[in-house]
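Student: take this sequence and fold it.
(chains A and B)
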2 protein chains.
Amino acid sequence: MVKILILGAGVMGTALSVPFTDNGHIVHLVGTHLDGDIIAKLQAGYPHPRLGIPVGERVTAYNYDQLSQAIKGVDLVIIGVNSHGIEWAAQALSPVFSADIPILVVTKGLAGDGEKLSILPDVLCAHLPNGLGDRIQIAAIGGPSIAQELAARRHTCVMFTSTNQTLLEHLAGLARTPYYHIWTSTDILGVEVCVALKNVYALAVGLVIGFLEKASKAVNDAQMHNLAAAIFAQGMWETAYLVDYMGGKPESVYSLPGSGDLYVTCQGGRNSRMGRLLGNGIPYSQAKAEHMPNDTVEGASLALAIGQTVENMIHKGDLDDIALPLLRTMIDIVCHDAPTIIPWNRFFAKSV
Amino acid sequence: MVKILILGAGVMGTALSVPFTDNGHIVHLVGTHLDGDIIAKLQAGYPHPRLGIPVGERVTAYNYDQLSQAIKGVDLVIIGVNSHGIEWAAQALSPVFSADIPILVVTKGLAGDGEKLSILPDVLCAHLPNGLGDRIQIAAIGGPSIAQELAARRHTCVMFTSTNQTLLEHLAGLARTPYYHIWTSTDILGVEVCVALKNVYALAVGLVIGFLEKASKAVNDAQMHNLAAAIFAQGMWETAYLVDYMGGKPESVYSLPGSGDLYVTCQGGRNSRMGRLLGNGIPYSQAKAEHMPNDTVEGASLALAIGQTVENMIHKGDLDDIALPLLRTMIDIVCHDAPTIIPWNRFFAKSV
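Tutor: Take a look at the predicted model:
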C-alpha cells in the first residue's frame, strides 16, 4: 500500500483515484483554487459533479490550502491539473515537495517560449526551485482515456512513459487493474507530443460537425465522414512530423498516444463542441466568450500556447514551412479569428 | 475527353462516375451478374438504389453480357467490383481486353494462397491471360471514401497509387475536381495493405458497439470509447507491421490509406453492423446467415481470404507470432466462430 497525492480534482485527476484505490492504495485528492465546489461536494459524500461517481473510502478530498498537510508521507504525486495549471502546480508544490517523491503527470500540452517547444513534464521540472527538477523522477500518462469511462471501470488502455524504466514498472504496477491496461514506453518526447497535438487535431476534426450543419442537405443524406477522415489523417501526418522533429519515435504515433488518443478525442467532448461552433462560422473569440466561457478547450489552449512559437520556428527555418498546414490553420483560427478554410492543396506535402 | 469503362455498378464503382463525368469524360458503367437490378433501374432513369442519386447523362449503363460492346474504344478500365469479384473481373475482361488500356482498381482486399499474401492489383494481373498482366499499366485508389458522399460531391481525399508515376499523374488529372482531392503515391504495396486491413480492424472496432449493448449500463452513463480507441490503435500498430513486412512505407500508414481510411470505416457501414452482432455474442456464421445473408462484409471477407495463409506464415516463421494478435483474433472469430475476447495482454508487443 502506498500513499498518493493527486493534485487537481477535475475529471481526470479524480478518475485516476479509482484504479489506485482499487489496488488498495490511499489517495489524497487536492483540488486547485478552481475546484472548491468539487471538493466541498466530495467531502460531503456526494458524487463528483462532472464524473458522476462518488470517490471511494480510501480517498480523502482536500482544498489546495491544505496541500502541506495532504502531502505528508506520500510516496507519489500525480499532476492532474489542466494545461493552464502546470506552472501553478510547480509553484504550489515547491514549498512542500522533496526530491525523493516521484511525479506522474496526466496533464497534456506543450509550451512555447517563442523559440522552442517543450513537453509539460519538462516545464514542470523547470519551474521547481533549487534544481529540484533535475533530481526528481518523473513520468507521464498518455493514451485514449475518457475520464468518465475510467471512473466507471470501463476498459482503458494507456501508456506510462518516462526515461526511467524502473520507475515505469513501479508506477504501472501500482495502477494496473483488470480494466486499466498499462503499457510502458521510454519515448516520453514522442508520447507527450502526440497526446498534446491530439487536442488541436480533434478540434480540427470537430469543424466538420459545423460544416455539415451549415451545408445544404445532400440529396442522398450523405454526411461528411470523408472530410473528417481526411483531416484526421492530416493530423496523424503532422503529428508524425512533429514527433520526429522533437526526437520522438514513430511507434508512439501509430499506437495508443497518437492514433488511439486522437480517435477517442474525436468522439465528443469540449474540442468537438468548439469545433462545431467554429465550423458553423462563428469566430473563435466569439464562440469562446459567448458559448464556452468557463470551459477549458484543450485544443484551443494548445494553439494559444504554441502558436507564436510555431510561427517563429517556421520563420527561422527550424520547422519546415510546408510540414504543418493544418496546425497553422488551427493556430490562425484560434489566435487570429481566421475563417475555417481547409488548406487541401497543402495537405500531405512534407513526409517525415 | 476520354472514355472510361467501370466494371461493377455497386456504390463505389457508380460513385466514381461522378468526378469523371463532371470533368467531361464518358463512362460506360457495366454491372456484374449481381448488378442486374441496379442496371435496369439506371437504364430506366431511376436513381441508383443504394447510392441515392441518378447517374449523369454522360453515363451509359450496361449489363455484363454487353461487356464486349461497352469496352470498345475505351481509354481506361476501372475495376469497381467487391473483393470476391476480382478473379471474375479478370476472367470477364480477358477475351475483350488489350494491353494498351490502363487499369485503375478500386476493389480493396488481400489474397492468400496458403503461403503468401498478395495485393489485389497483382491478383488481377496474375489472372489475365497470355502474360497480359505483365504488360498492362495498373494503378489503384485508396483512402477514406464513403461512396454516397463522393456521389453527393462532398469533399473526399484519396491516394492514387501505382509504381508508374506518369500513369498516376495522368489518372489523377482525369479525376481531380474541386471536391475530389487526389494525392499520388508510388507505394502501391503500402497503400493496398492499409486499405485492405482497415476493413478487418473496423470490424474489430465495431465489436465495441455490441459490447456496450450487452454490458450493464454504467452508473455515470460512461460509454466504451476508450476500448474502441485502443482497438483502433492496435489496428494501426498491426497495419504498420504488415505494411513493413510486405515492403510498403510507413507514410502510407499515418496518412489517407491507413489512419484516414480506418477512421472513416469505423463511422458505420457493414463492418460496423457485423461487429455489433459479434460483440453481442452471436457467432459469426449465425450472424451472417441470419442477419446479413446478402451483404458483403469486407472485414469478414478479408479474414476468410487470408486467415489460413496468415496462420501458415506465422507457423513457418514468415510472420512474427506476436505481431498480429488482433488480426488473429478476428480470423478466429470469423473463420472458427470463436468468442469475441480481446487479447489485451498481447497488444503492442512487436513493434515495426
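
Student: show me the contacts for A:Ala300.
Tutor: A:200, A:203, A:271, A:274, A:284, A:288, A:334 (C-beta atoms under 8 Å, 6 or more residues apart in numbering or on different chains). To be clear about C-beta, it is placed using only N, CA and C from the backbone, and glycine gets the same treatment.

Student: rerun at 6 Å
Tutor: Counting by C-beta atoms under 6 Å, 6 or more residues apart in numbering or on different chains, A:Ala300 touches A:Val334.

Student: so it lies in a strand, does it not?
Tutor: No - counting by DSSP: H, G, I helix; E, B strand; the rest coil, one finds A:Ala300 to be helix, located in no strand.

Student: show the pLDDT at it.
Tutor: Among the per-residue scores, A:Ala300 holds a pLDDT of 98.

Student: how near is it to B:Gly109?
Tutor: Applying C-beta to C-beta, to the nearest Å, the value for A:Ala300 to B:Gly109 is 41 Å.

Student: once you drop chain neighbours, what's closest to the closest residue to chain B within the stretch 251-352 of chain A?
Tutor: Residue nearest to chain B within the stretch 251-352 of chain A: A:Gly260 (3.1 Å; C-beta to the nearest C-beta). Distances taken as C-beta to C-beta, 6 or more residues apart in numbering or on different chains place B:Ala233 nearest to A:Gly260, at 3.1 Å, with adjacent residues excluded.

Student: show me the contact partners of the strand or helix carrying the one you found.
Tutor: Assigned by DSSP states H and E, B:Ala233 belongs to helix B:225-246. For helix B:225-246, the external contacting residues (C-beta under 6 Å, 6+ apart) are A:144-146, A:149, A:154-157, A:254-256, A:259-260, A:263-264, A:267, B:189-190, B:193-194, B:197, B:201, B:204-205, B:208, B:253, B:258, B:323-324, B:326-327, B:347-348, B:352.

Student: can you give me the helices in the stretch 151-300 of chain A?
Tutor: Along the stretch 151-300 of chain A, counting by DSSP state H, counting those that start in this stretch, helices occupy A:165-175, A:188-214, A:225-246, A:250-253, A:261-265, A:270-279, A:284-291, A:298-316.

Student: counting by contacts, list what the second one packs against.
Tutor: Secondary structure elements in contact with helix A:188-214, counted by 3 or more C-beta pairs under 6 Å, 6 or more residues apart in numbering or on different chains; DSSP states H and E, are strand A:156-161, helix A:225-246, helix A:250-253, helix A:261-265, helix A:270-279, helix A:298-316, helix A:325-336.

Student: just want the angle from it to helix A:225-246.
Tutor: Between the axes of helix A:188-214 and helix A:225-246, defined by axes from the mean of the first three to the mean of the last three C-alpha atoms, to 10 degrees, the angle is 160 degrees.

Student: now helix A:188-214: buried residues?
Tutor: Using 16 or more other C-beta atoms under 10 Å in any protein chain shown as the test for burial, helix A:188-214 gives A:188-212.

Student: quick check: next helix or strand after the lowest-mean-pLDDT helix or strand in chain A?
Tutor: For chain A, the helix or strand with the lowest mean confidence is helix A:132-135, at a mean of 91 (criterion: mean pLDDT, DSSP states H and E). Next along the chain after helix A:132-135, taking DSSP H and E as the criterion, comes strand A:138-142.

Student: touching chain B at all, that following strand?
Tutor: No - on the criterion C-beta under 6 Å from any C-beta of the partner chain, strand A:138-142 is out of touch with chain B, staying 11.1 Å away.

Student: which other helices and strands does that strand contact?
Tutor: Judged by 3+ C-beta pairs under 6 Å, 6+ apart, strand A:138-142 is in contact with strand A:103-105, strand A:156-161.

Student: how close does the residue nearest to the spatial centre of chain A get to A:Trp88?
Tutor: Compute the mean C-alpha point of chain A, and by C-alpha atoms, centre = their mean the closest residue is A:Lys108, 2.7 Å away. Per C-beta to C-beta, A:Lys108 is found 16 Å from A:Trp88.

Student: ok, now A:His48?
Tutor: 21 Å.

Student: A:Glu311 too?
Tutor: 26 Å.

Student: tell me the residues of the stretch 251-352 of chain A that contact chain B?
Tutor: Going by C-beta under 6 Å from any C-beta, the residues of the stretch 251-352 of chain A near chain B are A:251, A:253-256, A:259-260, A:263-264, A:267, A:344, A:348, A:351.

Student: only whichever of those are buried, select them in ChimeraX.
Tutor: This is the ChimeraX syntax for the buried subset of those, where burial follows 16+ other C-beta under 10 Å:
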select /A:251,253,254,255,256,259,260,263,264,267,344,348
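
Student: quick one: which of the residues of the stretch 251-352 of chain A next to chain B is nearest to A:Asn130?
Tutor: Closest to A:Asn130 out of those is A:Leu256 (35.2 Å), distances taken as C-beta to C-beta.

Student: pretty sure the closest one contacts A:Ser145?
Tutor: No - with contact defined as C-beta atoms under 6 Å, A:Leu256 does not reach A:Ser145; the gap is 9.1 Å.

Student: what is in contact with the two at once?
Tutor: Going by C-beta under 6 Å, 6+ apart, no residue sits against A:Leu256 while also sitting against A:Ser145.

Student: in space, what's closest to the residue of chain A most remote from its centre - neighbours in sequence excluded?
Tutor: Taking C-alpha atoms, centre = their mean, the residue of chain A most remote from its mean C-alpha position is A:Val219, at 39.4 Å. Excluding the flanking residues, the one nearest A:Val219 by C-beta to C-beta, 6+ apart is B:Ile53, at 6.1 Å.

Student: helix, strand or coil for the one you found?
Tutor: Assignment for B:Ile53 (three-state DSSP): coil.

Student: ok, it - contacts?
Tutor: Counting by C-beta under 6 Å, 6+ apart, B:Ile53 has contacts A:220, B:47, B:151.

Student: which among these count as buried?
Tutor: Buried among those by 16+ other C-beta under 10 Å: A:220, B:151.

Student: tell me which of the contacts of B:Ile53 has the lowest pLDDT.
Tutor: A:Asn220 (94).

Student: mean confidence for stretch A:308-315?
Tutor: 98.

Student: now do stretch A:318-336
Tutor: 97.

Student: now it: buried residues?
Tutor: Buried-residue list, stretch A:318-336, by 16+ other C-beta under 10 Å: A:319, A:323-335.

Student: put the alpha carbons of stretch A:278-292 into CSV.
Tutor: This file holds the C-alpha atoms of stretch A:278-292, laid out as CSV (Å, rounded to 0.1, in the frame of the first residue of the first chain):
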residue,chain,number,x,y,z
LEU,A,278,-16.1,27.3,-35.5
GLY,A,279,-17.3,25.1,-38.4
ASN,A,280,-20.6,26.9,-38.2
GLY,A,281,-18.7,30.1,-39.0
ILE,A,282,-18.5,31.7,-35.5
PRO,A,283,-15.1,33.3,-34.9
TYR,A,284,-13.1,31.7,-32.1
SER,A,285,-13.1,34.7,-29.7
GLN,A,286,-16.9,35.0,-30.0
ALA,A,287,-17.5,31.2,-29.7
LYS,A,288,-15.4,31.1,-26.6
ALA,A,289,-16.9,34.2,-25.0
GLU,A,290,-20.5,33.5,-25.8
HIS,A,291,-20.8,29.7,-25.7
MET,A,292,-18.0,28.2,-23.7
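
Student: so which bits of the stretch 51-200 of chain A are right by chain B?
Tutor: With C-beta under 6 Å from any C-beta as the criterion, the stretch 51-200 of chain A meets chain B at residues A:52-53, A:144-146, A:148-149, A:152, A:154-157, A:181, A:183.
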